[in-house]
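Colleague: Okay, here's the prediction I keep looking at, along with the sequence it came from:
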Amino acid sequence: MNMLRAAAELALAAPSIFNTQPWTWVVHPDRLLLRADRQRQLPAVDPSGRLLTISCGVALHHAVVALAPAAAEVRLMPDPADPDVLASLRLRPDRPPDDSALALRAAIKRRRTDRRAFARVPVSTDTVDALIAACEQQQAHLHVLAWHQTSQFALAAVRAGALQLSDPDYRAELADWTHRPPWSGDGVPASTTVPAIPRRVPVRDFAPFGGASLPPGIDNDLGASYAVIYTNVDGVRAWLRAGMALSAVLLTATAAGLGSAPISDVTETFPTRTLMDDMLPAGCAQVALRVGHPAPGEPPATPRRVPAEVISEATDPR
Ligand SMILES: Cc1cc2nc3c(=O)[nH]c(=O)nc-3n(C[C@H](O)[C@H](O)[C@H](O)COP(=O)(O)O)c2cc1C
């Protein structure tokens, strides 16, 4: 199979907000184009399309990693006439192999969003340093929360949950994306969501109507590390960079044997995103995450769309 097409197929495994998978790929003979799929934007959760764009950035970085060890060149927003073309990706055989991406490739299929509480064992400082470096390599920053900052983070999570669950539009969107028909290959199944237990920072309640069926873990996230991906400025390019960084951090954590879970509810309401910004040394909070040593076993895989729905060949193969 064509290498570019194969990379787009492996990038189907990328995580996305509510597992909307809001992108399409167009395969040209010499490049891949990544397009935003606006029909999959979440109007209540994500009116600006920020989380859609971050999700597309995650898929973009997954495709770069999928091409490894071949080096790839990424251009963001390559078509000034069409802002929904978010990126182009081409192979650069003239460049040295991308060994850092190669180390992450096997992690693509293994990674899962693990909403269970992580164990008491802390994440080693070497691994935390590797996560920070992976994020910086994508031109975004990772602020790892100090222990005393987790209470402010928890407050933001509780507030975001209360604000969102009191909004009927949010509840309708949540119900829609947690009750998708099996053939859709998208959404967040109840089998991957956990009932509420006491933990350092509550995770998003995906099943306020009941039904969360994954055992929630036992150690209350005592050893978990919480971190925020942030950018110097806000805007579409920064969102794409934040998504690429989220992918790099999640895959690096998976390669190190850790569990991980993105956390974006705290950035989805204005008051809580402000609280998040206040915790940073500078810049704009884009998405948070939790990493740690997972409970035994692994969460079930979440469905994905079929390649035919997401990937097409260019009709004008220039
Ligand atoms: C931008 C973004 C935001 C996300 N926000 C959350 C969140 O707030 N809470 C959560 O539990 N999962 C969150 N996720 C994880 C998705 O729900 C998850 O990727 C999706 O359901 C697919 O499952 P998988 O990651 O196990 O493949 C987010 C993922 C992305 C990329």
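Modeller: Looks like it came in fine.
Colleague: show me the contacts for Phe206.
Modeller: By C-beta atoms under 8 Å, 6 or more residues apart in numbering, Phe206 lies in contact with Leu174, Thr178, Val188, Ala190, Thr193, Ala212. C-beta coordinates here come from the backbone N, C-alpha and C atoms, glycine included.
Colleague: residues near Ala157, how many?
Modeller: By the measure other C-beta atoms under 10 Å, the count of residues near Ala157 is 23.
Colleague: Likewise for Val233?
Modeller: 8.
Colleague: Doesn't it lie inside a strand?
Modeller: No: per DSSP: H, G, I helix; E, B strand; the rest coil, Val233 lies outside any strand segment and is coil.
Colleague: Before we move on, what's the pLDDT of it?
Modeller: Here, the pLDDT recorded for Val233 equals 98.
Colleague: residues touching it, list them.
Modeller: Gly283, Cys284.
Colleague: Same check on Ala172?
Modeller: By C-beta under 8 Å, 6+ apart, the neighbours of Ala172 are Ala44.
Colleague: do the one 10 residues further on as well
Modeller: Shown in contact with Pro182 (C-beta under 8 Å, 6+ apart): Pro303.
Colleague: cool, and the one 5 residues further on?
Modeller: The contact partners of Gly187, taken as C-beta under 8 Å, 6+ apart, are Phe18, Asn19, Thr20, Asp176, Trp177, Thr178, His179, Arg180, Pro303.
Colleague: ok, it to Asp37 distance?
Modeller: 15 Å (C-beta to C-beta, to the nearest Å).
Colleague: same check, this time on Thr274
Modeller: For Thr274 relative to Asp37 (C-beta to C-beta), the value is 30 Å.
Colleague: which of the two has more neighbours?
Modeller: Asp37 (17 against 11).
Colleague: need the next SSE after the longest strand seen in the chain, C-terminal direction.
Modeller: Secondary structure of the chain read by DSSP state E shows that its longest strand is strand 284-292. Where DSSP states H and E defines the elements, the next helix or strand beyond strand 284-292 is helix 307-310.
Colleague: mind listing what's buried in that next one?
Modeller: Val310 (16 or more other C-beta atoms under 10 Å).
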